[in-house]
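# Here is my input, please return the structure:
(chains A and B)
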Amino acid sequence: MIRVNVLLLLAAIGCALGAITLQHKARKLFIDLEAGQAQAKRLEEEFTQLQLEQGTWATHKRVEALASRSLDMRLPAPGATRILTMDEGKGAAKP
Amino acid sequence: MRFEKRTPELRLRLEGWRSRLVLALATAGFVVLAGRAFYLQGLNNDFLRQKGEARYGRVVEMPASRGPVKDRHGHPLAISTPVESIWASPEDFEADEAKLRALAKALAMSPDEIRQKVAQKDKQFAWLKRQISPEQAVKVMALGLPGVFQQREYRRYYPAGEVMAHVVGFTGIDDSGQEGIELARQQWLAGVPGSRKVIKDRKGRIVEDVASLKVPRDGRELRLAIDQRLQFLAHRELKAAVEGNRAKGGSIVMLDARTGEVLALVNQPDYNPNNRANVTGRQTRNRSVTDIFEPGSTMKPFTIAAALEAGIVKPDTVIQSGGPMTIGGWAISDAHPHGALTVAQVIQKSSNIGTARIQLQMSAETVGGFYRELGFGAPPETGFPGEAKGLMRPPAKWKPIEQATMAYGHGLSVSLLQLARAYTVFTGDGHLLPISLVKRDDQPIGKPLVSRETAREVARMLEMAVGPGGTAPRAAVPGYRVAGKTGTAHKPESGGYAAHKYVSSFVGFGPVSDPRFVVAVMIDEPSGGKYYGGEVSAPVFASVMGSALRMMSVPPDAPQTLNVQAPARPGAAQVRAATPESEG
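Next up, the predicted model:
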């Protein structure tokens, strides 16, 4: 009888220690998860900043100014445009 | 034992029950304690749990960001990015002269400003500087001053700047919409911050999630119907036209002729929503939606449509359009006298007298009812803040002269958006389309107002107005068949009309064979010498419509006209030679 009890006691202590270790491990993993989530958030924010930057650099106003000033480009005259149509009604005519 | 000898009382034998009583009481006491402990820790442990959590649990705020606004192709028009705001607790703030100077430098403020902000020692909160870049905030916090804290906030940026300013609007410093779509769709765009309960360890790291108190919800993305390229095009042309004509202002509205979506909507003057230091209401007003004007001759096609629909006239019916015409003591005249004109020519030449004669053949109820059906006198219901509903007196009270002048767009007021929308009746085979500032996924069902034949007849007349002999040959677009109507209206001024203040407008659509766009142009008080809609607004229409059709690769429906016109350069609309044309 006593031997069984001692065995059970040891088992109980073992379980308790196991629970503590697992709790600790869980918390450590949770810290990692938190860090990961924080990084995801940071990257997301960086992405919006980059989108914003891209949007600002790519405004039509700026692109047009660059095209006409630095590259000396201009709109083709409507008369200088040839319109090609695809046969067999496959579709679109693109000027 | 010595005591026993001296004190006989101690020699007495105690009775057994007394010690047993004490033992029983002590045991009972322990049982109660054990019971209580068991109760607290086993059966009813909420209380202790709460107390424990209060010692290591923390409530953490979870910020939510405002949803972005994008154009129909997903280009960002308004985006929130994180910024830091620096605040101080004056109670705890401590800094010697050198540190204060370092802080001031990091914040780009003067030391005196900071001193002033932290002067009230009994206060616990004072903003030092709001919305600085995260990099700058890192420098500030690196100083490690006691009583200085940072808080994350979001700031709204508008990459398209003034081009989109009137449509998108802007938000205030607390991230809530103040103008435009930002205000109209506040509920949709706004994020709802949440909070959760966590356990933090000694180092302040979150080690366990206890409970989510409130789930944060990020604001949703909003897709506008606006096409950024078309918007930019309209903005550029309008700006050039307003400057070239030294006008007070102007607007362009561009609708998708098939879906009623607003593809472009621009106004002058404008402002930069990213820097609103000296912005006035004159600049922020979205004129095309909130301002009303007397439309002038751009109203004429509706009178003709109503008359055709009622069977009163046919396109080739001859109308005596010679003047002068007098109703109740008021004279109606044409800028250039005409003789007998067919109904089609009345539109082509824009005869006030002809249109008024046709108008007076109908009852006020018929005409008024038709105007109402077209959306005049009621808000267009785009959800935009401050939408004007226009001014139109109830038809039952109309005097004959009123009814006559309304035929050519005087005596009632509309917004440019309403006017553009009304023209969808000619592009949609007689169906009036609902308009939308937000991108649609479905094909809206138009409201049938006139028959397909009537709509096509009027479209043909409007095409004549753009052709040779019409009032607006300068609205013609090489390669495409376009149609439209000019408008030149005197501006109403206290009780009458101003002699030399005009609103020049043009509303049209194209290509006529299968309309894609409706474009409405309005120039307010042009003072560069020209003021007729055919001279001021028609060229703007032509360059916007022409560029838009080419940009969207719409196949030309009149390729034979391609080799006629000189090249159009950006903003060159108003420098072409003037063709003297006139109308009322």
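# Isn't B:Pro492 up against B:Glu294?
Yes: here B:Pro492 reaches B:Glu294: they are 6.2 Å apart, a contact under C-beta atoms under 8 Å. Yep, even glycine has a C-beta here, placed from its N, CA and C like the rest.
# Can you check which residues contact both of those two?
By C-beta atoms under 8 Å, 6 or more residues apart in numbering or on different chains, B:Pro492 and B:Glu294 have no common neighbours.
# Have a look at those two and say which one is more surrounded.
Between B:Pro492 and B:Glu294, counted using other C-beta atoms under 10 Å in any protein chain shown, the more crowded position is B:Glu294 (23 against 16).
# what's near enough to touch the more buried one?
Neighbours of B:Glu294 in contact, by C-beta under 8 Å, 6+ apart: B:Gly409, B:His410, B:Gly411, B:Leu412, B:Ser413, B:Ala489, B:His490, B:Lys491, B:Pro492, B:Val503.
# nearest to B:Thr81, of those?
Using C-beta to C-beta, B:Val503 is the member of the contacts of B:Glu294 that sits closest to B:Thr81, with 40.9 Å.
# Beyond the helix or strand containing that closest one, next helix or strand please.
Assigning secondary structure by DSSP states H and E places B:Val503 in strand B:496-510. Counting by DSSP H and E, the next helix or strand C-terminal to strand B:496-510 is strand B:517-524.
# Sheet-wise, list the partners of that next one with their directions.
When pairs are called by DSSP bridges, strand B:517-524 turns out to pair with strand B:249-256 (antiparallel), strand B:496-510 (antiparallel).
# hey, which of these is tucked in deepest?
Across the strands paired with strand B:517-524, averaging neighbours per residue (mean count of other C-beta atoms under 10 Å in any protein chain shown) puts strand B:249-256 on top, at a mean of 27.
# what mean pLDDT does it have?
Regarding strand B:249-256, the rounded mean pLDDT is 94.
# Kindly report the same for stretch B:264-272.
91.
# cool, stretch A:41-48 as well?
Averaging pLDDT along stretch A:41-48 gives 86.
# Now do it: distance to the chain's middle.
8 Å (C-alpha atoms, centre = their mean, to the nearest Å).
# Repeat that for stretch B:326-343.
Relative to the chain's own centre, stretch B:326-343 is displaced by 42 Å; criterion: C-alpha atoms, centre = their mean.
# Select the longest helix from chain A.
Longest helix of chain A, by residue count under DSSP state H: helix A:2-57.
# Run through the neighbouring helices and strands of it.
Applying 3 or more C-beta pairs under 8 Å, 6 or more residues apart in numbering or on different chains; DSSP states H and E, we find helix A:2-57 packed against strand B:76-88, strand B:206-214.
# Is the longest one positioned near chain A?
Yes: where contact is defined by C-beta under 8 Å from any C-beta of the partner chain, part of strand B:76-88 touches chain A, namely B:Pro76, B:Ile79, B:Ser80, B:Thr81, B:Pro82.
# Then the shortest one?
Yes: when contact is scored as C-beta under 8 Å from any C-beta, part of strand B:206-214 falls within range of chain A: B:Ile206, B:Val207, B:Glu208, B:Asp209.
# Quick check: bridge partners of the last one?
Under the criterion DSSP bridges, B:Asp209 forms beta bridges with B:Val198.
# That one: neighbouring residues, count only.
B:Asp209 has 14 nearby residues by other C-beta under 10 Å.
# try the third one
Other residues within reach of B:Glu208 by the criterion other C-beta under 10 Å amount to 17.
# Which residue, other than its chain neighbours, is closest to it?
B:Ile199 (4.2 Å; C-beta to C-beta, 6 or more residues apart in numbering or on different chains).
# residues contacting the one you found?
By C-beta under 8 Å, 6+ apart, the contact list for B:Ile199 reads B:Glu53, B:Tyr56, B:Gly57, B:Arg58, B:Ile206, B:Val207, B:Glu208, B:Val210.
# now B:Met362
Each residue near B:Met362 by C-beta under 8 Å, 6+ apart is listed here: B:Ala306, B:Ala307, B:Ala310, B:Ile312.
# switch the cut-off to 10 Å
Counting by C-beta atoms under 10 Å, 6 or more residues apart in numbering or on different chains, B:Met362 touches B:Thr303, B:Ala306, B:Ala307, B:Glu309, B:Ala310, B:Ile312, B:Val313, B:Gly368, B:Phe370, B:Gln403, B:Ala407.
# B:Leu255: which of those is nearest?
B:Phe370 (20.1 Å).
# Mind listing residues that contact the helix or strand hosting that closest one?
Taking DSSP H and E as the criterion, B:Phe370 maps to helix B:364-373. Here helix B:364-373 makes contact (C-beta under 10 Å, 6+ apart) with B:299, B:302-303, B:305-307, B:309-310, B:312, B:359-360, B:362-363, B:376-378, B:390, B:392-400, B:402-403, B:406-407, B:412, B:414, B:422, B:425, B:432, B:447-450.
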